[in-house]
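A.B. asks: Sequence first, predicted coordinates after that:
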Amino acid sequence: MRLTPTRRKRLKRLSFALISVLLVLLLLEVAARIAVWGYLKVVDPQGLAATFNPDPERVRLKADPVTGWAFDELGHFRWRDDYEFTRDKPFFNYRIIAVGDSVTYGVQVGDHQTFSAFLERFLNERQSGFHFEVLNAGVPGFNTLQILRFLQNELLAWDPDMVLLYANPGDSELGTLEPVVQPPGMVGVVQRLLWHSRLYYLLQHMVVPIRERLAQPETGNAQLNNIDLIYETCRRQGVDLMLVSYVLHENGELRVEPYPAGWHVPAPMVDGLSVLQQSGYDPGELFFDDVHMFPLGHWQLANAIYDTIVEQGLIQRRLKQRYLGAPK
């Protein structure tokens, strides 16, 4: 069928308009890629993501509209450990996901020297009934709002039985981070293109209505509000949450970042401070700076977490749920 001169003219105009739109979007994308890292300085004012990137040759941190930054590429989620985990959890497996910042990740210690790796070993050596997996989802520089988003948009899809949270409740420097509530709803090629688009990344932060973001309390500690929301998110999914007190090393002494008086701790708390203080080791043997631990510190903390898990009866309760169909 031959096109009439009028239709041919309309088709040319439409083609020209489409090409013009694509060129404008391409120019905006180039401009966004030039500007985005400056914008990330607002999201990450202390440059924590770059500062604590443990291995730039092996681990890549990239801009992420949900959490501010993330490891690797969409569709190739990377755990700290080199193990290959599957989203579909085997029936006989008990899965724990450890979340937190660079301490959880294990800066300057090996993959098998983090408290999550030690905990996995202790559980499989000392407990029966399950094969235990402890997945290290720590990301350098993350605060509790980023951890909440990470759980909502990625980690809970891995069907954990327990989430282990090691985060500083007094760390408010990153409290202005406002990632979007949900990841893009599109799938396949379109989603991947949008994921790699820095223009789309900026629009996510600038255009998403404020009402769709997590409301921060006008008074009090925003991070504690996030911990409450983490607890509620886990509870709705039938996932146990366990908190670990965040230990600091200052002037040769150990202390924890205090919680406000009267705040109700929503989940079991591991008293890491007492365990490290009573370990018999000098703080300088456990920590190499104010928050990051040597393998010995990770080992001591893993023992404390293991003891708390056993004392709380969490494994036995999950066994009954799994094998006898008992309610959660």
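C.D. replies: That came through, no problem.
A.B. asks: Quickly find the element holding the nearest residue to V291 once chain neighbours are set aside.
C.D. replies: Nearest-residue entry for V291: V103, 5.6 Å, with adjacent residues in sequence omitted and distances by Cβ to Cβ, 6 or more residues apart in numbering. C-beta: built from backbone N, CA, C; applies to glycine. Assigned by DSSP states H and E, V103 falls within helix 102-105.
A.B. asks: Residue ranges in the protein under the pLDDT threshold?
C.D. replies: Scanning the chain for pLDDT under 70 picks out 1-2, 35-66, 68, 72-78, 81-84, 170-196, 201-202, 204-224, 260-261, 325-328.
A.B. asks: what ranges do the strands span in this structure?
C.D. replies: Per DSSP state E, the chain carries strands over the ranges 61-64, 68-71, 93-100, 131-136, 162-166, 240-244, 247-250, 253-256, 269-270.
A.B. asks: Tell me what angle the fourth one forms with strand 93-100.
C.D. replies: In this case it means strand 131-136. 20 degrees (axes from the mean of the first three to the mean of the last three Cα atoms, to 10 degrees).
A.B. asks: What strands line up against strand 131-136, and which way round?
C.D. replies: Sheet pairing for strand 131-136, assigned by DSSP bridges, gives strand 93-100 (parallel).
A.B. asks: CA-only coordinates of the partner strand in PDB, if you can.
C.D. replies: Extracted C-alpha coordinates of strand 93-100, given in PDB (Å, rounded to 0.1, in the frame of the first residue of the first chain):
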ATOM      1  CA  ASN A  93      17.000 -24.700  55.900                       C
ATOM      2  CA  TYR A  94      16.800 -22.000  58.600                       C
ATOM      3  CA  ARG A  95      17.800 -18.700  57.000                       C
ATOM      4  CA  ILE A  96      19.100 -15.600  58.900                       C
ATOM      5  CA  ILE A  97      19.800 -12.400  57.100                       C
ATOM      6  CA  ALA A  98      22.300 -10.000  58.900                       C
ATOM      7  CA  VAL A  99      21.700  -6.400  58.000                       C
ATOM      8  CA  GLY A 100      23.700  -3.300  59.000                       C
END
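A.B. asks: who touches W299 in this structure?
C.D. replies: 113, 115, 118 (Cβ atoms under 8 Å, 6 or more residues apart in numbering).
A.B. asks: What is the neighbour count of the spatially closest residue to L229 that is not a sequence neighbour?
C.D. replies: Distances taken as Cβ to Cβ, 6+ apart place L148 nearest to L229, at 5.6 Å, with adjacent residues excluded. Neighbourhood size, L148 [other Cβ atoms under 10 Å]: 24.
A.B. asks: In this model E232 seems to touch L148, though I could be wrong.
C.D. replies: No: counting by Cβ atoms under 8 Å, L148 does not reach E232; the two are 9.9 Å apart.
A.B. asks: What sits closest to L273 if chain neighbours are left out?
C.D. replies: Once flanking residues are discounted, L273 sits nearest to V256: 4.8 Å by Cβ to Cβ, 6+ apart.
A.B. asks: Relative to E154, how far out is that neighbour?
C.D. replies: 28 Å (Cβ to Cβ, to the nearest Å).
A.B. asks: One more: P90?
C.D. replies: 20 Å.
A.B. asks: before we move on, what about D101?
C.D. replies: D101 sits 16 Å away from E154, going by Cβ to Cβ.
A.B. asks: okay, these two: which has more neighbours?
C.D. replies: Between D101 and E154, D101 has the larger neighbour count (other Cβ under 10 Å), namely 26 against 16.
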